[in-house]
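**Student:** Got a predicted structure here, sequence first:
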There are 2 protein chains.
Amino acid sequence: MGLDAIKAGKRNESGIGLVVKALSERFGTRLQTGEAMRAQHAHTTTYIPAQLPDAVVFPENAADVQAIVALASEHKVPLIAFGTGSSLEGHINAPHGGISIDMGRMNRVIEVNASDFDCTVEPGITREELNIYLRDTGLFFPIDPGANASIGGMASTRASGTNAVRYGTMKDNVLALTAVTAGGKEIRTAHRARKSSTGYDLTRLFVGAEGTLGIITSITLKLQGIPETIAGGVCSFPTTADACNAVILTIQSGIPVARIELLDETQIRASNAYSGLSLPQQPTLFVEFHGNPETVALQSRQFAEIVAEYGGSAFRSTANLEERNQLWKARHNAYWAQKSLMPGAAIISTDVCVPISQLADCVEATREDIRVHGLLAPIVGHAGDGNFHVGLLFDDKDPADIARAEAFVARLNDRALSMDGTCTGEHGIGQGKMPFLENELGDALDLMRQIKRGLDPDNIFNPGKIFAM
Amino acid sequence: MGLDAIKAGKRNESGIGLVVKALSERFGTRLQTGEAMRAQHAHTTTYIPAQLPDAVVFPENAADVQAIVALASEHKVPLIAFGTGSSLEGHINAPHGGISIDMGRMNRVIEVNASDFDCTVEPGITREELNIYLRDTGLFFPIDPGANASIGGMASTRASGTNAVRYGTMKDNVLALTAVTAGGKEIRTAHRARKSSTGYDLTRLFVGAEGTLGIITSITLKLQGIPETIAGGVCSFPTTADACNAVILTIQSGIPVARIELLDETQIRASNAYSGLSLPQQPTLFVEFHGNPETVALQSRQFAEIVAEYGGSAFRSTANLEERNQLWKARHNAYWAQKSLMPGAAIISTDVCVPISQLADCVEATREDIRVHGLLAPIVGHAGDGNFHVGLLFDDKDPADIARAEAFVARLNDRALSMDGTCTGEHGIGQGKMPFLENELGDALDLMRQIKRGLDPDNIFNPGKIFAM
């Protein structure tokens, strides 16, 4: 975290002035400098203070992006790609000022190759928009980070979410992309073959690069057939450890669960109140199975046996769409439910991920830490991946409370690292996790810096993120 | 291809002399300069002429590798990592001379975390050695490129093979790795969490980098549970197009086939003779299913229906280990069977991969090309991935035959590219595919060069591979 370390950097005033003027000439009203618009493009679901860009530009195609990048390259002015602003670690802040590139108007589906289970989209389309578009094809894009994020943003943070335990993360689901790189050239990282050994994996390099290597202009995605049967359910456990152990055994048994989400009793209390559920106030798993009627029934039966083994409530699986929607809507609104526990409080959504065998230990030790320090901090998790989020509520006006929160986050990240885990399973580094990345990968960060210097020698793409140069 | 373009580069004679002397002092008999040993380390399963290193060194641990790299960095001398020498595109040639690092003595299993389905190994272990080691754990490492390659070599070429249709490629199965980078520092790209969003994906950058960014010293791999039931079988088709269309429909139907391999009638003729099979001399699929008895039976039944739809022979699936082993041994020996069709001939194993919907068209057009030009060129393919290999037999002493072979390969790669495919699904670029990579990715190669310059400023790691600097 290190809230106080996130300071505004040196600004290139004259360069910014020139670029804003030139963009204004080219883009007219598609270049905005009003404070409300700029504030909106630095405001995210985060505890990190907003740092406003100098202007916001709305490209409509790759040629627009090339013109923006060429100008910014010439004058060494920062460019920050903006999707929907749902990232959590200050990714879209402008610590050195510069231009926010709002990709919202580049939201077309370029092509769908249904017979190859792939599609190519512009980065500004959101995952919900894409899935509505795909509905008639019998295919869907499975990655679901909760928020209705843009595909470009999801690629850039290597997002995952509830379905990742079955379908993988953005790393596994981006086949190729195009991006405008320093100077303004547009490059293509790959074509549509399912696999390729063409030298360095540039696709995977841009996935997770948080907009620091170029501006993505199109993305080719793998799609999945909509399952014949989707069924899911809920079950409560005596303790969080029991719930975690049920998850561990489910994964180790190779049950191809599509979603398996942990909510501790504090989260259930929050979600009951916020989302109108009436679940027992106990550690709970939300589960979903995808397949045909037979395989889904088999998976449900196997899972129910595991639940019983750990003293869980009778597991009932339902294919009822309304029931399922209510459940997953509540899961997606977990963050807002957390907020409602302490109106006005700030919230840090932590993001550790550990090997599955360590999940129960890591969650239990974290709950003990929360208890000992008297914190209000519900837990939700993509438990099947070993990934969980603590929603730590704190008063961001109170230095003592900030310090307490920072110390908790540091202990949590150290704990995950000591278990061979990571400080971020899916949210990315942004500004908030820079010191933790340093702890986690040490000298490997030098390689990231060397790559950044090679591809973006003037440091114009989202400077001040991931690592200090 | 461009056989004549693969020339020896400029050699740093004095540097090489100094490094060989210093290595000899440190490593004693673990530094070898005899011609037979050097020739063995440049000799691979390839048509590309051998270019010998000046010496071969045998490190036994990461500290040895660090010492080698530090010396080579100081004197700007090329280092070529060597696994088992089964690569196909001249990856281990030494066009600028230098030191071959034989990783064969770094072949330990460092740890197995059975409860997390992962293990960490040294790069010199082969996939067969690893699977023998793992046998008692109930787990296995699924990637199987045919040859008993080293895990380090498989990572470095982003290998895949017969099982990739079900389990993915090395890109999907390496969780983390350590590598010694320029100057001699050892870095770690990630830890053991199943997913992570820690900045640039350095793991995926080293996977497929063909040893050009550093020397891998350990690899953490995902493992799979050994399936309860493995069953497989063979079926023949009237035409290659029928066989391909059966594959396409199998994939599009979402049948989770574990292996689905195409062998055309020329390959069947070769394999019948070489491997003692007695299959009908027709286009044939080798298929395997993994699961429990019920799911495997279901998959076999669904597949048999598709086979019938395309006029294939009655499909019979067997779990008999001996029958299966004979089949897959024959598949693995396809290359040697091809060679036996024309003793003394050289062979080019092409490697295009196209979107699955294009497979039948691409194979058919290629067979027509073979026919029109009167070539001897059996086809085998990881058809489920859209990846197939033409084993083109030619006389590498006859300039006209070389030219004919080169023209065929160029047409094939152009054909795949025109279908949104790639010139290499799994073999990598090495020296042999450099011009085709240029065609395929154009300006994106500049990014690869920028990365290479950043991480290996003196170009000591496997110079002359993937792209010209």
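**Tutor:** Looks like it came in fine.
**Student:** Show me the shaky parts of chain A.
**Tutor:** A:1-6 (pLDDT under 70).
**Student:** Repeat the analysis, applying 50 as the threshold.
**Tutor:** Across chain A, the ranges flagged by pLDDT under 50 are A:1.
**Student:** Leaving out sequence neighbours, find the closest residue to residue A:144.
**Tutor:** Nearest non-adjacent residue to residue A:144, counting by CB to CB, 6 or more residues apart in numbering or on different chains: residue A:161, 4.6 Å away. Yep, even glycine has a C-beta here, placed from its N, CA and C like the rest.
**Student:** For that neighbour, the count of nearby residues, please.
**Tutor:** Look at residue A:161: counted by other CB atoms under 10 Å in any protein chain shown, it has 27 neighbours.
**Student:** got the buried residues for stretch A:260-280?
**Tutor:** A:260-272, A:274-275, A:277, A:279 (16 or more other CB atoms under 10 Å in any protein chain shown).
**Student:** Same check on stretch A:54-71?
**Tutor:** A:54-59, A:62, A:64-71.
**Student:** Residue B:341: which of the residues you listed is nearest?
**Tutor:** Ranked by distance to residue B:341 (CB to CB), the buried residues of stretch A:54-71 are led by residue A:62 at 48.8 Å.
**Student:** Go through chain A and flag its longest helix.
**Tutor:** In chain A, taking DSSP state H as the definition, the longest helix is helix A:399-418.
**Student:** Okay, residue A:453 and residue B:450: tell me how far apart.
**Tutor:** Remark: distance between residue A:453 and residue B:450 (CB to CB, to the nearest Å) = 9 Å.
**Student:** Ok, residue A:382 next?
**Tutor:** Residue A:382 is 35 Å from residue B:450, by CB to CB.
**Student:** check contacts around the residue of the stretch 301-450 of chain A found nearest chain B.
**Tutor:** Closest contact between the stretch 301-450 of chain A and chain B, by CB to the nearest CB, is at residue A:450 (3.5 Å). Neighbour list for residue A:450: B:451, B:454, B:455 [criterion: CB atoms under 8 Å, 6 or more residues apart in numbering or on different chains].
**Student:** Those residues in helices, which ones?
**Tutor:** Reading helices off the contacts of residue A:450 with DSSP H, I get B:451, B:454, B:455.
**Student:** Can I get those residues in JSON lines including distance to chain A?
**Tutor:** Converted to JSON lines, these look like this (distance: CB to the nearest CB, whole Å):
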{"residue": "B:451", "distance to chain A": "5"}
{"residue": "B:454", "distance to chain A": "4"}
{"residue": "B:455", "distance to chain A": "5"}
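**Student:** Turn those residues into JSON lines, including neighbour count.
**Tutor:** What follows is the ones in helices among the contacts of residue A:450, written out as JSON lines (neighbours: other CB atoms under 10 Å in any protein chain shown):
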{"residue": "B:451", "neighbour count": "24"}
{"residue": "B:454", "neighbour count": "20"}
{"residue": "B:455", "neighbour count": "23"}
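**Student:** for the residues you listed, which one is nearest residue A:186?
**Tutor:** For the ones in helices among the contacts of residue A:450, with residue A:186 as the reference and CB to CB as the criterion, the closest is residue B:451, at 18.2 Å.
**Student:** these two touch, right, that closest one and residue A:453?
**Tutor:** No - with contact defined as CB atoms under 8 Å, residue B:451 does not reach residue A:453; the gap is 10.2 Å.
**Student:** Might you report the residue contacts of residue A:423?
**Tutor:** Residue A:423 neighbours (CB under 8 Å, 6+ apart): A:351, A:352, A:413, A:416, A:417, A:433, A:436, A:437, A:439, A:440, B:198.
**Student:** Would you confirm that the third one contacts residue A:436?
**Tutor:** Think residue A:413. Yes - Residue A:413 lies in contact with residue A:436 (CB under 8 Å); the separation is 4.7 Å.
**Student:** Show me what the helix or strand containing residue A:287 is in contact with.
**Tutor:** Under the criterion DSSP states H and E, the helix or strand holding residue A:287 is strand A:284-291. For strand A:284-291, the external contacting residues (CB under 8 Å, 6+ apart) are A:162, A:166, A:227-237, A:243, A:246-247, A:256-263, A:265, A:268, A:295-296, A:299-300, A:303, A:307, A:312, A:315, A:317, A:324, A:327-328, A:331, A:383.
**Student:** Try it again at 7 Å.
**Tutor:** For strand A:284-291, the external contacting residues (CB atoms under 7 Å, 6 or more residues apart in numbering or on different chains) are A:166, A:227, A:229-236, A:243, A:246-247, A:257-263, A:268, A:296, A:299-300, A:303, A:317, A:327, A:331.
**Student:** Selecting buried members of the residues you listed in ChimeraX, what would you type?
**Tutor:** Buried residues within those, by 16+ other CB under 10 Å, are selected in ChimeraX with:
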select /A:166,227,230,231,232,233,234,235,236,243,246,247,257,258,259,260,261,262,263,268,296,299,300,303,317,327,331
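**Student:** Between the two ends of stretch A:166-186, how far is it?
**Tutor:** This stretch, stretch A:166-186, spans 33 Å end to end (CA to CA, to the nearest Å).
**Student:** try stretch A:385-402
**Tutor:** 29 Å.
**Student:** With stretch A:193-211 instead?
**Tutor:** First-to-last residue span, stretch A:193-211, CA to CA: 25 Å.
**Student:** close to chain B, is it?
**Tutor:** Yes - using CB under 7 Å from any CB of the partner chain, stretch A:193-211 reaches chain B at A:193-202, A:204-205, A:207-209.
**Student:** Quick check: the residue of the stretch 201-350 of chain A nearest chain B.
**Tutor:** For the stretch 201-350 of chain A, CB to the nearest CB, closest residue to chain B: residue A:204, 3.7 Å.
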